[in-house]
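**Student:** dropping a prediction and its sequence here:
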Amino acid sequence: MRRAHTVEEIRSAEAALMATLPEGALMERASTGLAHLVADLLGACYGRTVRLLVGSGDNGGDALYAGAVLARRGCRVEVRALSSTPHPAGLAALRAAGGRLLGADEPGRRPDLVLDAVVGIGGRPGLRDDAAAALAEVAGVPVVAVDVPSGVGVDTGELPTAAQGTHVTADLTVTFGTHRVCHLVDPAAAACGPVHVVPLGGPGGDLVLAPASVTALQAGDVARLLPRPVGESQKYDRGVVGVRAGSARYPGAGLLCVAGAASGLAGMVRYVGDAEVAATVKAQHPEVVGDGRVQAWAVGSGGDEDARRHLAEARADEVPLVVDADALRHVTDFGGPLASAAVLTPHAGELATMLDVERSAVEAAPLAHVRRAAETFGAVVLLKGRRTLVADRDGDVRAVGTGPAWLATAGAGDVLTGLVGALLASGLAPYDAASVGAWLHGSAARLASAGGPLVAGDVARAIPSAVRALPA
Ligand SMILES: NC(=O)C1=CN([C@@H]2O[C@H](COP(=O)(O)OP(=O)(O)OC[C@H]3O[C@@H](n4cnc5c(N)ncnc54)[C@H](OP(=O)(O)O)[C@@H]3O)[C@@H](O)[C@H]2O)[C@@H](O)CC1
Ligand SMILES: Nc1ncnc2c1ncn2[C@@H]1O[C@H](COP(=O)(O)OP(=O)(O)O)[C@@H](O)[C@H]1O
Ligand SMILES: [K+]
């Protein structure tokens, strides 16, 4: 599990660890790890130039100490200071190693790499004008963000507003001890590039962190959570998923939802809906049967005008539900909770309608909106996107970024709804069914894509391969 902690949690864990270590030991661990990663990235230090953008805090201190290591290895290290008092001990170390502070009007040498150490976890959103100008000077040069790309909302995962200013977009982010929320949650995560965590543990102890409310499943977590048949399993033990989706207008959505449900993760699939869709389902999926008892329903994909009735009928069975597309407009129609266990699967536009806000507001602050929706509707909410967010009712959120951009294709969401339905039927709790489903869906898309285009049916067909590829 990848865990992301808040600034407050990180500061408190760092303070406890620092109390057991000699002064400066933690920053030395952080900056040494940072320097080694930068040196690896540069390939060779000798003859290379690194520009440090250094603010007033300890984030700048990390870069200055790392710069000292790089300078000792033969790098030319030049500092653009954005404060009259950059970390004094760090600056002294850098100078002693041969690095230098650029004068205000001194252009410096065109660097091979920039270290962004304007602000870290102490920063407010947005770059001040001097920092924005220092960044513009080195436009086009690869940037390694120290801890976080300066200017992003560390705990919100949001980018600064136009009034707050701009932010750094990094090619790589090097952080310390644990992830920050902005590393896992878009739109800020998109500004981080790949994120490396330098461990802060060593002689004298490690960070002791609270349980994280923002996390990201890894392959091993999915393997551990996924229910698997055992020797004596029967199809009914493995769970039956029912699909009420598709309509005369959108028959394909019903078929694709069935394809996601019929990926083999539940013991049986039932389809109930439009007669013509039902006939095609039976032709394409001979293993699918008609109405009867189910352990979970997948409802709404392409449901059109039938979606409300489908939702009412599914709800009457009092089993877990996954609700998509046209049925999302009806989740509050019935008074009281939708089901004891429900997963709602909107994209940003659908969530905006459900919360009566602009789509752009959801896209700018997906974490805040998905949490609000989970609380408002008393359900697990899976907000689809480049990095899908799954929010539990208590505010816990799992981020899933396994899918390639090729997954942004019509019908892919219908497959996901069927897949989550199958996982609910197989006995997973809604938070696990939604996040494991999103993870497998993205992973199946990556396998199906192999770097090229795909259609939604390809994703459904690749789900068994995604399961097979999980670690034992
Ligand atoms: N504790 C430890 O041992 C360890 C700490 N570590 C490192 O310390 C970092 C945290 O350091 P920190 O607390 O000093 O805060 P940090 O982010 O450098 O700067 C905050 C200052 O910047 C300013 N400022 C704020 N917003 C701004 C803006 N938008 N644009 C421009 N300036 C802005 C504001 O000062 P002001 O200029 O307003 O007086 C504020 O006080 C952390 O991210 C990690 O890298 C690691 O070494 C691990 C061990
Ligand atoms: N840029 C992207 N990168 C990766 N996955 C994406 C991206 N944009 C959308 N997706 C994924 O593609 C799927 C699209 O689903 P959805 O919008 O419901 O389409 P449809 O309604 O046509 O089925 C979702 O699983 C979503 O998370
Ligand atoms: K930074």
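**Tutor:** Done, it's in. Ligands and ions are numbered 1, 2, ... in the order given.
**Student:** contacting residues for residue 76?
**Tutor:** 47, 48, 49, 50, 109 (C-beta atoms under 8 Å, 6 or more residues apart in numbering). Bear in mind the C-beta positions are built from the backbone N, C-alpha and C, glycine included.
**Student:** from the residues you listed, pick the one nearest residue 275.
**Tutor:** Relative to residue 275, the closest of the contacts of residue 76 is residue 50; by C-beta to C-beta it sits at 68.0 Å.
**Student:** partner strands of the helix or strand hosting the closest one and their direction?
**Tutor:** Following DSSP states H and E, the helix or strand that holds residue 50 is strand 49-54. Paired neighbours of strand 49-54 in the sheet (DSSP bridges): strand 76-81 (parallel), strand 113-117 (parallel).
**Student:** helix or strand right after that strand?
**Tutor:** Assignment by DSSP H and E places the next element after strand 49-54 at helix 58-72.
**Student:** any idea how far residue 181 is from the residue most central in space within the chain?
**Tutor:** Centroid-nearest residue in the chain: residue 399, 3.3 Å away (criterion: C-alpha atoms, centre = their mean). Shown here: residue 399 relative to residue 181, a distance of 9 Å by C-beta to C-beta, to the nearest Å.
**Student:** so what sits against both of those two?
**Tutor:** In contact with both residue 399 and residue 181: residue 214, using C-beta under 8 Å, 6+ apart.
**Student:** mind checking pLDDT for the closest residue to the residue nearest to the centre of the chain other than its chain neighbours?
**Tutor:** Excluding the flanking residues, the one nearest residue 399 by C-beta to C-beta, 6 or more residues apart in numbering is residue 184, at 4.3 Å. In this model, residue 184 is scored at 98, pLDDT.
**Student:** what does the chain put close to ligand 3?
**Tutor:** Applying C-beta under 5 Å from the ion, we find that the chain lies next to ligand 3 at 116, 145, 146, 150.
**Student:** test my guess that the first one contacts residue 146.
**Tutor:** Yes: at 6.1 Å, residue 116 and residue 146 qualify as touching, with contact defined as C-beta atoms under 8 Å.
**Student:** emit the PyMOL select command for whichever of the residues of the chain next to ligand 3 are buried.
**Tutor:** Restricted to buried positions by 16 or more other C-beta atoms under 10 Å, the PyMOL selection for those reads:
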select buried, resi 116+145+146+150
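**Student:** can you give me every residue that contacts residue 254?
**Tutor:** 243, 245, 246, 247, 271, 273, 274, 277, 281, 301, 302, 414 are the contacts of residue 254 under C-beta under 8 Å, 6+ apart.
**Student:** for these, work out which two are farthest apart.
**Tutor:** Pairwise over the contacts of residue 254, using C-beta to C-beta, the maximum falls at 274 and 414, 14.3 Å.
**Student:** quick one: which of the two has more around it?
**Tutor:** Taking other C-beta atoms under 10 Å, residue 274 and residue 414 do not tie; residue 414 has more neighbours (32 against 23).
**Student:** tell me which helix or strand that one sits in.
**Tutor:** Here residue 414, judged by DSSP H and E, is contained in helix 412-425.
**Student:** just checking, next helix/strand downstream of that helix?
**Tutor:** Following helix 412-425 toward the C-terminus (DSSP H and E): helix 430-449.
**Student:** contacts for the strand holding residue 50?
**Tutor:** Under C-beta under 8 Å, 6+ apart, the answer for strand 49-54 is 38, 42, 60, 63-64, 67, 70, 75-83, 86-87, 99, 108-118, 131, 134-135, 138, 141, 150.
**Student:** do stretch 255-265 as well
**Tutor:** Under C-beta under 8 Å, 6+ apart, the answer for stretch 255-265 is 226-227, 241, 243, 245-246, 269, 271, 277, 280-281, 284-285, 287-288, 298, 301-302, 324, 411, 414-423, 426, 441, 456-457, 459-461, 463-464, 467.
**Student:** now the buried members of those residues.
**Tutor:** 226-227, 241, 243, 245-246, 269, 271, 277, 280-281, 285, 288, 298, 301-302, 324, 411, 414-423, 426, 441, 456-457, 459-461, 463, 467.
**Student:** what sits against residue 226?
**Tutor:** Neighbours of residue 226 in contact, by C-beta under 8 Å, 6+ apart: 265, 423, 436, 467, 470.
**Student:** quick check: phi and psi at the first one.
**Tutor:** Which is residue 265. phi -90, psi -20 (degrees, to the nearest 10).
**Student:** so is residue 40 in a helix, a strand, or just coil?
**Tutor:** On the three-state scheme (DSSP: H, G, I helix; E, B strand; the rest coil), residue 40 is labelled helix.
**Student:** quick check: which ranges of the chain have low pLDDT?
**Tutor:** Within the chain, no range satisfies pLDDT under 70.
**Student:** domain ranges for it, per the record?
**Tutor:** If you go by automatic domain parsing, the domain ranges for the chain are 2-209, 219-468.
**Student:** of all those, which lies closest to ligand 1?
**Tutor:** domain 2-209 (1.9 Å; C-beta to the nearest ligand atom).
**Student:** what about that closest one, near ligand 1?
**Tutor:** Yes: using C-beta under 6 Å from any ligand atom, domain 2-209 comes into contact with ligand 1 via 14, 18, 26-27, 30, 55-60, 62, 83, 118-124, 126-128, 131, 146-147, 176.
**Student:** so how do I select the buried members of those in PyMOL?
**Tutor:** The PyMOL selection below is limited to those of the residues of domain 2-209 next to ligand 1 classed as buried (16+ other C-beta under 10 Å):
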select buried, resi 14+18+26+27+30+55+56+57+58+59+60+62+118+119+120+121+123+126+127+128+131+146+147+176
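**Student:** can you flag which of the residues of domain 2-209 next to ligand 1 belong to helices?
**Tutor:** Of the positions in the residues of domain 2-209 next to ligand 1, 14, 18, 26, 27, 30, 58, 59, 60, 62, 131 sit in helices, assigned by DSSP state H.
**Student:** and which of those residues is nearest residue 93?
**Tutor:** The closest of those, once distances to residue 93 are taken by C-beta to C-beta, is residue 27, at 10.4 Å.
**Student:** which ones are touching the residue lying closest to residue 176 once chain neighbours are set aside?
**Tutor:** Closest residue in space to residue 176, ignoring its immediate chain neighbours: residue 30 at 4.5 Å, by C-beta to C-beta, 6+ apart. Applying C-beta under 8 Å, 6+ apart, we find residue 30 in contact with 62, 176, 198, 200.
**Student:** done for today, thanks.
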